[in-house]
Every structure is written in C-alpha cells, then in structure tokens.
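Asks: dropping a prediction and its sequence here:
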Amino acid sequence: MKWKSDNSDKVWSVRLLMDGGRASVAQLKCGDETIQSNVTITYDKQSDNIYVNEDGNKLNPKISKVGDSWWITVSGQTFVVNKVLHNSKSTIEDQGGLTAPMPGIVRQVKVDIGQKVRKGQPLMVLEAMKMEHQIIAPQAGKIEVIHYHEGERVEMGSVLISISE
C-alpha cells in the first residue's frame, strides 16, 4: 500500500504482516529510504480502542475517517493520511477547506477573515476527547471563511475554515 500524509510530500510504501487481530509494520519505504520497523498495531474489541506499540511504548491514537482521508491523532499531533491512488491528483488540499478530525469544541481561532497564511501555519485549536488538536494550513493562501468560532461545538467532518489560493 502507498500512503501520503498532508504534513509531507513524501509517499510511503507500507508493508504489513497480519496475525489475527494484530498487524505489524514490517517495513516503511520512501524512495531509496527504507526503515525497518518494530511497530505493532492491535485492536481491542472489548474497549473498541486501537493501540500502537513501538519498542515498548504503548500509544493510543485516535483515528477517524473523513471522506477518503484518515485523521490520526497521536501524542497531541494530528496527521491526515491519504491512500495514494494511481492517476489521482486530488488531495484534501484541493478541497479548499479544513475539516474537524472528530467531534469537539473550538478553543481558539488564530486567524481572521482576509488574512494571508503560509502552509503549516496554525489556524485553530480544537479540543476533542480531552486533547487539543492544532488545525494547520495545508497550503498558503487567504482565509475566506471561518465557519466556527471559539466555544462552538463541531461534528466530525465539519468544514472549519476555507482557504483560497
């Protein structure tokens, strides 16, 4: 499988080994760079949680699917990951907006309508599941619409901010 994170232009090839309800990341490859991995991913049906174990460090990422994108939040950082399809150029950046990775409350809006922003600039802080998530600009552009303001509740997949180029 090939995957791309919106936080990077790199396309990663991921090789998984499946053993019952447990997957091991056997290898990650990007171009000529190969990373051997000691990561296991398990799903606990009883608690309905996914756990990632890397060299004894047990992490509990929060994972949501929005459209064709997977939003993965781990250790306070959110990544948007897309499966790379052959002959496809569409990404979440092409949609001109940013969506909520999970239900939550807007804690801080860091931009104003009409403001020019750079790629990677923090735009908003969303609190979800007792964690704060930085919503960052996937591209440089101008803030066209701020759909939600501080204190407002958002549902998963809600467009938070619209950016034009």
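Replies: Alright, I've got the coordinates. Residues are numbered from 1 along each chain as shown.
Asks: wait, residue 38 sits on residue 54?
Replies: Yes - with contacts counted by Cβ atoms under 8 Å, residue 38 reaches residue 54, the gap being 6.5 Å. Where you see a C-beta, it was placed from the backbone N, CA and C, and this is true even at glycine.
Asks: domains in this structure, by residue range?
Replies: 2-60, 95-164 (automatic domain parsing).
Asks: among those domains, which is nearest residue 81?
Replies: Ranking the domains of the chain by proximity to residue 81 (Cβ to Cβ) places domain 2-60 first, at 5.2 Å.
Asks: worst average pLDDT in the domains of the chain?
Replies: By mean pLDDT, the lowest-scoring of those turns out to be domain 2-60, with a mean of 71.
Asks: quick check: next helix or strand after the longest strand along the chain?
Replies: In the chain, with assignment by DSSP state E, the single longest strand is strand 33-44. Counting by DSSP states H and E, the element after strand 33-44 in chain order, helix or strand, is strand 49-54.
Asks: please name every helix or strand in contact with that next one.
Replies: When contacts are defined as 3 or more Cβ pairs under 8 Å, 6 or more residues apart in numbering; DSSP states H and E, strand 49-54 packs onto strand 33-44, strand 57-59.
Asks: ok, now which ones touch residue 59?
Replies: By Cβ atoms under 8 Å, 6 or more residues apart in numbering, the residues touching residue 59 are 51-53, 74-75.
Asks: now which of those residues would you call buried?
Replies: Buried residues within those, counting neighbours by 16 or more other Cβ atoms under 10 Å: residue 52.
Asks: could the contacts of residue 59 be laid out in TSV, adding distance to residue 105?
Replies: Below are the contacts of residue 59 laid out as TSV (distance: Cβ to Cβ, whole Å):
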residue	distance to residue 105
51	26
52	26
53	31
74	20
75	20
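Asks: in its sheet, what does the longest strand of the chain sit against?
Replies: If you go by DSSP bridges, strand 33-44 pairs up with strand 22-30 (antiparallel), strand 49-54 (antiparallel).
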